[in-house]
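[1] what would the 3D arrangement of this be:
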Amino acid sequence: MARYELLNNVTHKELRVATRFGPEFGDDIGMLQAFPSEYAELQREYPIFFRKDRESGQWQSVALLGFEQRENLFLRDGRWNAAYLPGAVAKGPFLIGFQEQRIDGELRKEPVIHVDVEHPRVSFSDGEPAFLPQGGNSAYLEHIAGVLRGIRDGAEFGAAMFAAFDSLGLIQPVNLDVQLDDRHRVSVSGLYGIDREALGALEAGPLRQLNQAGFLEGAYLVLASLHNMRRLMAEKQRRLREQDGPATERAA
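    Residues are numbered from 1 along each chain as shown. Here you go, the predicted model:
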């Protein structure tokens with residue numbers, strides 16, 4: 001169970017974070033949350049879809065990693081085989097919380113970093129240090145701070161963008177049912193995408209509003225990301241051949 005603490009260089013001066021990858025760190029997942037602030041990077045390698053959060057019922061975007069709940073086709077031999085690591089993974093055991101601070105005589109909620117000390121990546125002997133020996137932030141922690149800012153900004157921007165897409169009827173269910181070969185078929189339910197025809201049919205007013213809000217680029221990046229389904233399918237087919245190979249040889 002997660003146990004978050006406000007990160008500080010006294011209590012957590014020896015804290016380190018494992019940066020390798022594997023099922024032991026929870027990396028064996030079929031999809032993860034994606035944020036509009038990283039769409040430009042994500043769309044080069046991952047298919048991006050929408051789904052409704054089960055708890056809040058709100059729209060969120062996700063990067064598809066595999067065709068099964070515990071299947072990550074980017075994960076292999078302790079490596080994440082992509083040039084860009086999604087923020088939801090890169091942040092590791094950290095998240096942004098808020099703390100009331102008095103600034104210029106006024107109480108404000110300021111963003112602060114918290115760490116889940118029960119996270120499997122957390123260690124006090126192995127991995128990247130959070131702090132320098134003198135107490136300053138390490139280069140790794142500075143990188144994490146940037147990742148967390150991107151997630152925070154992307155989440156806020158995304159809420160407005162998804163609402164705009166939904167109000168214009170641009171979010172539609174996706175039938176993800178793929179025949180990989182003669183014996184293997186996969187399907188993923190609950191995913192949605194941008195309706196290309198509906199987007200192309202928008203009148204000048206709504207189209208201009210989307211563009212002025214910065215949402216139009218997001219819609220086209222999501223559409224462009226779907227070309228990565230070919231890569232995902234090819235990797236799935238390759239792993240199925242590896243899996244079926246020994247059985248085929250025994251049968252022969």
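[2] burial count for the closest residue to residue 145 other than its chain neighbours?
    If the residues on either side of it in the chain are set aside, residue 145 comes closest to residue 113, at 6.7 Å by Cβ to Cβ, 6 or more residues apart in numbering. For glycine as for every other residue, the C-beta is placed from the backbone atoms N, C-alpha and C. In terms of burial, residue 113 registers 18 neighbours under the definition other Cβ atoms under 10 Å.
[3] helix/strand/coil for residue 113?
    Going by DSSP: H, G, I helix; E, B strand; the rest coil, the secondary structure assigned to residue 113 is strand.
[4] helices and strands around the helix ranked longest in the chain, which ones?
    Among all segments of the chain classified by DSSP state H, the helix with the greatest residue count is helix 139-167. Using 3 or more Cβ pairs under 8 Å, 6 or more residues apart in numbering; DSSP states H and E as the contact criterion, the secondary-structure elements in contact with helix 139-167 are strand 59-64, helix 87-90, strand 94-103, strand 106-116, helix 204-213, helix 215-225.
[5] using TSV, please lay out these together with distance to residue 147.
    Formatted as TSV, the entries for the helices and strands packed on helix 139-167 read as follows, by distance: least, Cβ to Cβ, whole Å:
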stretch	distance to residue 147
strand 59-64	15
helix 87-90	5
strand 94-103	8
strand 106-116	11
helix 204-213	24
helix 215-225	19
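[6] residues near residue 13, how many?
    Other residues within reach of residue 13, judged by other Cβ under 10 Å, total 14.
[7] list phi and psi for it.
    The phi and psi values for residue 13, taken as degrees, to the nearest 10, are phi -60, psi -30.
[8] can you give me the pLDDT of it?
    As predicted, residue 13 sits at a pLDDT of 95.
[9] please give me every residue in contact with it.
    Applying Cβ atoms under 8 Å, 6 or more residues apart in numbering, one finds that residue 13 lies in contact with 131, 135.
[10] can you rerun that using 10 Å?
    Listed by Cβ atoms under 10 Å, 6 or more residues apart in numbering, the contact set of residue 13 reads 124, 129-133, 135.
[11] rewinding a little: got the buried residues for the longest helix of the chain?
    140-141, 144-145, 147-148, 150-152, 154, 157-158, 161-162, 164-165 (16 or more other Cβ atoms under 10 Å).
[12] how many residues are close by the nearest residue to residue 43 once chain neighbours are set aside?
    Sequence neighbours aside, residue 225 is the residue nearest to residue 43 in space, at 3.8 Å (criterion: Cβ to Cβ, 6+ apart). The number of residues packed around residue 225, counting by other Cβ under 10 Å, is 24.
[13] pLDDT score assigned to residue 225?
    We note a pLDDT of 98 for residue 225 in this prediction.
[14] my read: it touches residue 50, true?
    No: with contacts counted by Cβ atoms under 10 Å, residue 225 stays clear of residue 50, the gap being 11.6 Å.
[15] where does the stretch 1-150 of the chain dip in pLDDT?
    Residues of the stretch 1-150 of the chain meeting the criterion pLDDT under 70: 100-105, 107.
[16] if we can go back for a sec, and the gap between the residue nearest to residue 43 and residue 42?
    7 Å (Cβ to Cβ, to the nearest Å).
[17] what is in contact with the two at once?
    34, 48, 61, 63.
[18] what's the most distant pair in those?
    61 and 63 (7.9 Å; Cβ to Cβ).
[19] need the overlap of contacts for those two.
    33-35, 38-39, 42, 48-49, 225.
[20] test my guess that residue 11 contacts residue 117.
    Yes: in terms of Cβ under 10 Å, residue 11 counts as a neighbour of residue 117; the distance is 9.2 Å.
[21] what touches both of these two?
    Going by Cβ under 10 Å, 6+ apart, residues that sit against residue 11 and also against residue 117 are residue 5.
[22] more neighbours, these two?
    Counted by other Cβ under 10 Å, residue 11 and residue 117 do not tie: residue 117 has more neighbours, with 16 against 12.
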